[in-house]
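Asks: give me a model of this one.
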Amino acid sequence: MINSFASSDDSAVAIAAASAGADVVRSLYGRRLTRIDKGAGDFATAADVEAEKAIVDILRAARPGDAVVGEEGGQQGTANAARQWLVDPLCGTLNYAVGSMLVAVNVALGDGAAAVADPFSGEVFFTDGTRAWVRRDGVDEPLAPTSATSLVDVNLDPPFIGRPGFRAVDLLAHPAFVERFRPRVVSTTLALAWVAAGKRAAYVTDGGDLSGSVHFAAGIALCRAAGCVVTGIDGAPTGPVGRGLVVAADAETHRQLMSMIRG
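Replies: Purely as a prediction, here's the structure:
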């Protein structure tokens, strides 16, 4: 089955890889899994490791000349390769470890195709780098962002790189935020796919440059392709000198959030 993707386009490879990781995550859910300590309260589980292996197996077979950067396995292949895949095999490990199904499997080709798989809903959000869709029960539908829900996911996980300046957590105490939006905290970048799909109005996190992060690359690619507004918390484009993320379903939502952040 792996070799059948060798001649597929990059989005098909991303979907296959993310789906393979999601199968592992789903199959190991609910088991008592060994924790691998990473320090500073962070850890991985056997599900993270096994899911990444399944993803890398797909990528290696389909694109043997490409480099891969995995959250658990690090760099595989030439570091300065023209084509590099970014893999987060289980985004939301803490959720998963305590029995929550709010997790995602992220696979992204730098500046290209990407897929975000939800292991428990069965949805796969994906892009070819230009347009974006969600696949449900074998049927593909275009992603259509909307701010209608007024729900905004705010990442509250430390470290708070933005301090003593803006921190994403500061939004929760802003009077205008409470009047216009309702906060949500899911602790997984599945929330980015939800902005692209119209399930969330926006997503906000502080931090440094997240554009090349294994955690965020796939979600950013989805949101851009779907037509969302994607910037750093300073309103500047994401990139090497960027800080954090503000991803909004539309320009007006982005404007309102930036006004609160700058205030």
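Asks: what ranges do the helices span in the stretch 151-263 of the chain?
Replies: Along the stretch 151-263 of the chain, counting by DSSP state H, counting those that start in this stretch, helices occupy 175-180, 190-196, 217-226, 251-262.
Asks: export the ones you listed to CSV and tack on distance to residue 205 and mean pLDDT?
Replies: In short, each C-beta sits where N, CA and C put it, glycine included. Listed next are the helices of the stretch 151-263 of the chain as CSV, based on distance: least, Cβ to Cβ, whole Å; pLDDT from 0 to 100:
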stretch, distance to residue 205, mean pLDDT
helix 175-180, 15, 94
helix 190-196, 9, 98
helix 217-226, 11, 98
helix 251-262, 12, 96
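Asks: isn't there a strand covering residue 144?
Replies: No - counting by DSSP: H, G, I helix; E, B strand; the rest coil, one finds residue 144 to be coil, located in no strand.
Asks: and the contacts of stretch 230-246?
Replies: Contact with stretch 230-246 is made by 161-162, 166, 168, 202-211, 216, 220, 223-224, 229, 247, 254, 257-258, 261-262, as judged by Cβ atoms under 8 Å, 6 or more residues apart in numbering.
Asks: repeat the analysis, applying 7 Å as the threshold.
Replies: Residues from elsewhere that reach stretch 230-246 (Cβ atoms under 7 Å, 6 or more residues apart in numbering): 162, 166, 202-211, 216, 220, 223-224, 247, 254, 257-258, 261.
Asks: mean confidence score for it?
Replies: Average pLDDT, stretch 230-246: 89.
Asks: tell me which residues in it are buried?
Replies: Within stretch 230-246, the residues that count as buried by 16 or more other Cβ atoms under 10 Å are 230-234, 238, 242-246.
Asks: end to end, how far does that stretch reach?
Replies: Stretch 230-246 has an end-to-end distance of 6 Å (Cα to Cα, to the nearest Å).
Asks: could you identify which of the helices of the stretch 151-263 of the chain is most buried?
Replies: Stretch with highest mean neighbour count among these: helix 190-196 (a mean of 30; mean count of other Cβ atoms under 10 Å).
Asks: which strands and helices sit next to the longest helix seen in the chain?
Replies: The residue-count maximum for a helix in the chain (DSSP state H) belongs to helix 10-28. With contacts taken as 3 or more Cβ pairs under 7 Å, 6 or more residues apart in numbering; DSSP states H and E, helix 10-28 sits against helix 46-62, strand 104-109, strand 114-117, strand 124-127.
Asks: where are the low-confidence patches of the protein?
Replies: Within the chain, the segments meeting pLDDT under 70 span 1-8, 158-165.
Asks: same thing but 90
Replies: Counting by pLDDT under 90, the chain contains low-confidence residues at 1-8, 32-42, 73-82, 111, 156-170, 172-173, 187, 206-209, 239-243, 262-263.
Asks: picking up where we left off before, mind putting the helices and strands packed on helix 10-28 in CSV, distance to residue 10 included?
Replies: CSV is the format used below for these (distance: least, Cβ to Cβ, whole Å):
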stretch, distance to residue 10
helix 46-62, 9
strand 104-109, 5
strand 114-117, 9
strand 124-127, 10
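Asks: CSV please, covering the ones you listed and showing distance to residue 188 and mean neighbour count.
Replies: Compiled in CSV, the helices and strands packed on helix 10-28 are given as follows (distance: least, Cβ to Cβ, whole Å; neighbours: other Cβ atoms under 10 Å):
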stretch, distance to residue 188, mean neighbour count
helix 46-62, 13, 21
strand 104-109, 5, 31
strand 114-117, 10, 32
strand 124-127, 13, 27
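Asks: appreciated, that's everything.
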